[in-house]
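Undergrad: Sequence isn't available, so here's the structure alone:
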């Protein structure tokens with residue numbers, strides 16, 4: 001501080017106050033549990049009382065997985081969280097616009113937290129912006145995995161298959177693009193087919209999408225790509241018959257280009273686009289050629305090169321020699337570009353529910 005004025009100063013963390021949380025069906029227990037815990041630890045509590053006065057943390061459960069959110073709220077209740085500190089709201093999708101506007105505009109709500117699609121996140125952020133409410137957003141993704149010539153191909157293939165098809169690709173960090181050096185492309189593709197068939201190729205392990213509409217949307221994306229020149233490394237099981245409407249065989253597509261909707265669209269399903277590259281610069285450019293930036297992977301033995309590539313990727317996280325579907329709970333997690341802003345996990349996740357108050361004094 002200014003010694004000429006004999007002035008001292010310090011700062012303190014202060015809870016931000018009432019928080020509002022919107023969720024979808026994805027990983028409800030994990031996502032909601034960690035974010036609610038961060039809010040509780042920081043002291044940020046808010047909610048809706050029977051008289052419509054906001055008092056405790058309010059979370060809006062997803063209509064497709066309501067019991068997950070009920071279970072989380074019940075855990076907090078059993079742990080002794082005071083009544084009114086966490087309130088869970090369920091509503092019909094058609095009522096969402098009115099409810100969101102009412103809650104975001106309420107003077108007691110100090111921050112809005114949303115996990116879901118970039119499209120819905122934009123709508124919620126616009127509503128919050130009209131009321132000058134800060135937002136924390138974890139939105140969509142189009143994660144890329146880059147496979148370099150010296151990579152362990154079997155390990156890379158396994159992690160790419162799991163990253164693309166676990167949870168049927170219905171997770172924002174899902175691997176949607178695999179970018180492979182042309183010198184190893186054929187060998188890697190063979191290893192990827194083996195890994196995919198081993199883990200997702202049987203009738204019982206074929207990916208299941210949350211609704212028939214989601215499956216149809218993904219089939220349409222794949223059909224559009226194939227009609228414009230994309231080719232599949234595997235025979236779709238749908239052609240063999242016998243799969244329910246919500247099941248969709250894993251799709252490994254080559255020759256995907258910018259004319260296809262799949263090139264930029266987050267599929268949120270069990271399909272992955274395969275690309276090849278000649279130079280490191282080309283690989284990074286391909287990976288960054290998307291509106292999203294949540295997660296990425298680099299498969300390589302040279303860690304120095306891995307860190308160099310990682311620093312060039314426009315992504316909130318880069319995982320070296322492991323799949324894109326990963327967030328370390330002790331480290332900050334979040335995206336850039338249309339994948340959102342703000343961070344969960346680590347002390348940075350606590351900071352999202354706090355603000356800094358500076359205090360100075362004269363002696």
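TA: Perfect, I can see it now. In this text the structure is predicted, and so the values were computed from the model without any measurement.
Undergrad: which sections of the stretch 201-350 of the chain are below the confidence cut-off?
TA: By pLDDT under 70, the weakly predicted segments of the stretch 201-350 of the chain are 236-243.
Undergrad: need the strands for it, in chain order.
TA: 231-232, 251-254, 271-277, 292-293, 296-299, 318-320, 336-337, 340-341 (DSSP state E, counting those that start in this stretch).
Undergrad: now, of these, which is deepest in the fold?
TA: Using mean count of other Cβ atoms under 10 Å, the stretch among the strands of the stretch 201-350 of the chain with the greatest mean number of neighbours is strand 296-299 (a mean of 29). Quick note: C-beta positions are derived from backbone N, CA and C, even for glycine.
Undergrad: how about the strands of the stretch 201-350 of the chain in CSV, adding distance to residue 72?
TA: Converted to CSV, the strands of the stretch 201-350 of the chain look like this (distance: least, Cβ to Cβ, whole Å):
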stretch, distance to residue 72
strand 231-232, 39
strand 251-254, 33
strand 271-277, 31
strand 292-293, 27
strand 296-299, 29
strand 318-320, 27
strand 336-337, 28
strand 340-341, 21
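Undergrad: Tell me which of those sits nearest to residue 146.
TA: strand 296-299 (5.0 Å; Cβ to Cβ).
Undergrad: Paired strands for that closest one, with orientation please.
TA: Each strand that strand 296-299 pairs with, and the sense of that pairing, follows from DSSP bridges: strand 143-147 (parallel), strand 318-320 (parallel).
Undergrad: for the last one, the distance to its chain's centre please.
TA: Distance of strand 318-320 from the chain centroid (Cα atoms, centre = their mean, to the nearest Å) equals 15 Å.
Undergrad: same question, the first one
TA: Average the C-alpha atoms of strand 143-147, do the same for its chain, and the two points are 16 Å apart (Cα atoms, centre = their mean).
Undergrad: Compute the inter-axis angle for it and strand 271-277.
TA: For strand 143-147 against strand 271-277, the angle by axes from the mean of the first three to the mean of the last three Cα atoms, to 10 degrees is 40 degrees.
Undergrad: how close does the nearest residue to residue 216 once chain neighbours are set aside get to residue 78?
TA: Beyond its immediate neighbours in the sequence, the residue positioned closest to residue 216 (Cβ to Cβ, 6 or more residues apart in numbering) is residue 245, lying 8.0 Å away. Separation of residue 245 from residue 78 (Cβ to Cβ, to the nearest Å) stands at 38 Å.
Undergrad: Show me which of these two is the more surrounded one.
TA: residue 245 (13 against 8; other Cβ atoms under 10 Å).
Undergrad: thinking the more buried one is in contact with residue 212, fair?
TA: Yes: taking Cβ atoms under 8 Å as the definition, residue 245 is a contact partner of residue 212 at 4.5 Å.
Undergrad: Quick one: closest of the strands of the stretch 201-350 of the chain to residue 74.
TA: Put simply, out of the strands of the stretch 201-350 of the chain the one that sits nearest residue 74 is strand 340-341, at 28.4 Å, with distance taken as Cβ to Cβ.
Undergrad: just checking, what packs against that closest one?
TA: With contacts defined as 3 or more Cβ pairs under 8 Å, 6 or more residues apart in numbering; DSSP states H and E, the secondary structure elements packing on strand 340-341 are strand 135-138.
Undergrad: Residue 96 - that's part of a strand, no?
TA: No: with DSSP: H, G, I helix; E, B strand; the rest coil as the criterion, residue 96 is assigned helix and is not in a strand.
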